[in-house]
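Trainee: coordinates for the following, if possible.
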Amino acid sequence: MSHPNYRLYLAGSVVSNIGTWMQRIAQDWLVLSIPGNGGSELGITTGLQFLPILLLSPYAGVVADLFPKRRLLQVTQAAMALAAAVLAVIAILGAAQTWHVYVLAFAFGTGAAFDAPARQAFVSELVGPDDVPNAIGLNSAAFNTARLVGPALAGLLIGTLGGGMVATGWVIGLNAVSYLAVIGQLHRMDPGRLLSTRPSSRRRGMLRDGLVYLRGQPKMLMILVLVFFVGTFGMNFTITSALMATEVYGKGASEFGVLGSALAVGSLGGALLAARRTRVRLRLLFVAAIGFGLALIAAAVQPTYLLFVLFCPLLGLATITLLNSANATLQIESDPDLRGRVMAIYMTILMGGTPLGAPVIGWIGEQWGARWTLVVGGVLVLLGVLLALLVHEATRRRTPTHERVPAVTAA
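Mentor: The predicted model follows:
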């Protein structure tokens, strides 16, 4: 917080993140409010929103290394605001159809695909390498404060406004307006205080350079394998929570929003703990991953809505502890000239697996019931932990010591 530019960035992010979480709840409720829709349509919507991350993030990382990140973020934020505004207008007019949501979810995801690597790498330019773990922790705290407020506020507003399609449109419209906070704060920053590296010169093979670089880093490959399983099969909270709330416990929009806030309580606690750390500990990452997998399985068997709500903070705590450790490790250890591409590949692996996992999880919910979406996710996360360790050992054996980056503390 001693960095003026970071203070501006954090303030704008809080406002925008609240809007983003409000839209996530409203968009899911919009899909379910269209007659004939269920878990499959919900899974397809989530998958389409994250599909651009899978397809475009590696190239977005190249773009992040080619252009000033502050200007690039202003463009991506404006693109996401436009997609949200169009969906809001269609819903407010009562004309939303499932294909409208599909198209605009994909458009929104395209903006997010180019936003994510630039935003991740921009943190190092705001505070410098010594403060990166602390900044990532504070970012997570802000994000999860919004995650605590946004879903509950969305559920309250949707319920107050009637609970139908028009109500979801007004909530999505608020998210479109919230992007102005980030755009304005980016404009107010002092460029002279940014610790920017000179943008890379455009040349052929830039994406390949990033992939070749990662191939020689056992620790980074291990983290990428782990976050793939977590992101693809474990972090489908909007789907699993919606199905558990409606099908298992028979609840409505307000109670669905409470589940998102309950997850955020644990995430916020984990983020605040992460903000106090000055070193990255890989042991903590694996403990969090194992705990997350077990917590998913345990959450699936909770007999009442209240017990499920009380269990959600454990999921949030494990998730944010794992992701913060992974993010900080990759940012600190990566070559600054390749950081945009490294973070893009990380986001591709973490979020890009959702188009694969979300429809599968939605289908499992329809065929076997909502509880199995959590059980299957938890089992696959635990298998991912084992596979990540095997990949690390295999990569370490074939990579000469002099080609590896310096190790962070692994105690």
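Trainee: for the rest of this, base every contact and every neighbour count on C-alpha atoms.
Mentor: OK.
Trainee: packing partners for the lowest-mean-pLDDT helix or strand in the chain?
Mentor: Taking mean pLDDT, DSSP states H and E as the measure, helix 206-215 is the helix or strand of the chain with the lowest mean score, a mean of 74. Secondary structure elements in contact with helix 206-215, counted by 3 or more Cα pairs under 8 Å, 6 or more residues apart in numbering; DSSP states H and E, are helix 39-66, helix 218-229, helix 339-352.
Trainee: just the angle for that helix relative to helix 39-66, thanks.
Mentor: Relative orientation of helix 206-215 and helix 39-66, computed by axes from the mean of the first three to the mean of the last three Cα atoms, to 10 degrees: 100 degrees.
Trainee: from Gln27, how far off is Phe256?
Mentor: Distance, Phe256 to Gln27, using Cα to Cα, to the nearest Å: 13 Å.
Trainee: what's the mean pLDDT across the one helix or strand Gln27 maps to?
Mentor: Secondary structure here is read from DSSP states H and E; on that basis Gln27 sits in helix 4-33. Helix 4-33 shows a mean pLDDT of 89.
Trainee: ok, now stretch 137-155?
Mentor: 79.
Trainee: show me the contacts for Ala26.
Mentor: Contacts here follow Cα atoms under 8 Å, 6 or more residues apart in numbering; on that basis Ala26 touches Ala154, Gly155, Ile158, Thr168, Gly169, Val171, Ile172.
Trainee: and stretch 34-44, how far from the chain's centre?
Mentor: Put simply, stretch 34-44 sits 22 Å off its chain's centre (Cα atoms, centre = their mean, to the nearest Å).
Trainee: out of the helices and strands packed on helix 206-215, nearest to Glu366?
Mentor: Each of the helices and strands packed on helix 206-215 was checked against Glu366 via Cα to Cα, and the shortest separation belongs to helix 39-66, namely 6.2 Å.
Trainee: just the buried residues of the helix or strand that comes right after that closest one, please?
Mentor: With elements assigned by DSSP H and E, the helix or strand that comes after helix 39-66 is helix 69-92. Neighbour counts using 16 or more other Cα atoms under 10 Å place 69-70, 72-92 of helix 69-92 among the buried residues.
Trainee: tell me what whichever helix or strand comes after helix 69-92 is packed against?
Mentor: Stepping forward along the backbone from helix 69-92, the first helix or strand reached (DSSP H and E) is helix 98-127. Contact analysis of helix 98-127 by 3+ Cα pairs under 8 Å, 6+ apart lists helix 4-33, helix 39-66, helix 69-92, helix 132-160, helix 339-352 as its packing neighbours.
Trainee: what sits closest to the residue nearest the centre of the chain if chain neighbours are left out?
Mentor: Residue closest to the mean C-alpha point of the chain, counted by Cα atoms, centre = their mean, is Met351 at 6.4 Å. Excluding the flanking residues, the one nearest Met351 by Cα to Cα, 6 or more residues apart in numbering is Gly231, at 5.8 Å.
Trainee: burial of that neighbour, as a residue count?
Mentor: Here the neighbour count serves as a burial measure; for Gly231 (other Cα atoms under 10 Å) it reads 24.
Trainee: ok, Val75 to Ala118 distance?
Mentor: Per Cα to Cα, Val75 is found 11 Å from Ala118.
Trainee: Thr232 versus Leu54, what's the distance?
Mentor: Counting by Cα to Cα, the separation of Leu54 from Thr232 is 11 Å.
Trainee: low pLDDT regions in the stretch 151-300 of the chain?
Mentor: Low-confidence segments of the stretch 151-300 of the chain, defined by pLDDT under 70, are located at 196-205, 207, 253, 274-280.
Trainee: what segments of it are strands?
Mentor: Counting by DSSP state E, counting those that start in this stretch, the stretch 151-300 of the chain forms no strands at all.
Trainee: all helices of it, in order?
Mentor: All helices of the stretch 151-300 of the chain, identified by DSSP state H, counting those that start in this stretch, fall at 165-188, 206-215, 218-229, 237-243, 253-275, 282-300.
Trainee: mind checking those for the one nearest to Val376?
Mentor: helix 282-300 (7.9 Å).
Trainee: can I get that closest one in CSV? Just the C-alpha atoms.
Mentor: Extracted C-alpha coordinates of helix 282-300, given in CSV (Å, rounded to 0.1, in the frame of the first residue of the first chain):
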residue,chain,number,x,y,z
LEU,A,282,5.3,-25.1,-2.0
ARG,A,283,4.5,-27.5,0.8
LEU,A,284,1.6,-25.2,1.7
LEU,A,285,0.4,-25.4,-1.9
PHE,A,286,0.2,-29.2,-1.8
VAL,A,287,-1.5,-29.3,1.6
ALA,A,288,-4.1,-26.8,0.3
ALA,A,289,-4.6,-28.9,-2.9
ILE,A,290,-5.2,-32.1,-0.9
GLY,A,291,-7.4,-30.3,1.5
PHE,A,292,-9.4,-28.9,-1.3
GLY,A,293,-10.0,-32.3,-2.9
LEU,A,294,-11.1,-33.8,0.4
ALA,A,295,-13.3,-30.8,1.2
LEU,A,296,-15.2,-31.2,-2.1
ILE,A,297,-16.0,-34.8,-1.3
ALA,A,298,-17.1,-33.9,2.3
ALA,A,299,-19.3,-31.0,1.1
ALA,A,300,-21.1,-33.4,-1.2
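Trainee: buried residues, that helix. List them.
Mentor: Residues of helix 282-300 classed as buried by neighbour count (16+ other Cα under 10 Å): 282, 284-286, 288-297, 299-300.
Trainee: check stretch 91-108 too.
Mentor: Those would be Ala91, Ile92, Ala96, Thr98, Val101, Tyr102, Val103, Leu104, Ala105, Phe106, Ala107, Phe108, for stretch 91-108 by 16+ other Cα under 10 Å.
Trainee: dump the residue contacts of Ala152.
Mentor: Counting by Cα under 8 Å, 6+ apart, Ala152 touches Ser254, Gly257, Val258, Gly260, Ser261.
Trainee: again, only this time at 7 Å
Mentor: Remark: with contacts taken as Cα atoms under 7 Å, 6 or more residues apart in numbering, Ala152 is in contact with Ser254, Gly257, Val258, Ser261.
Trainee: what do you get for Leu10?
Mentor: Asn139.
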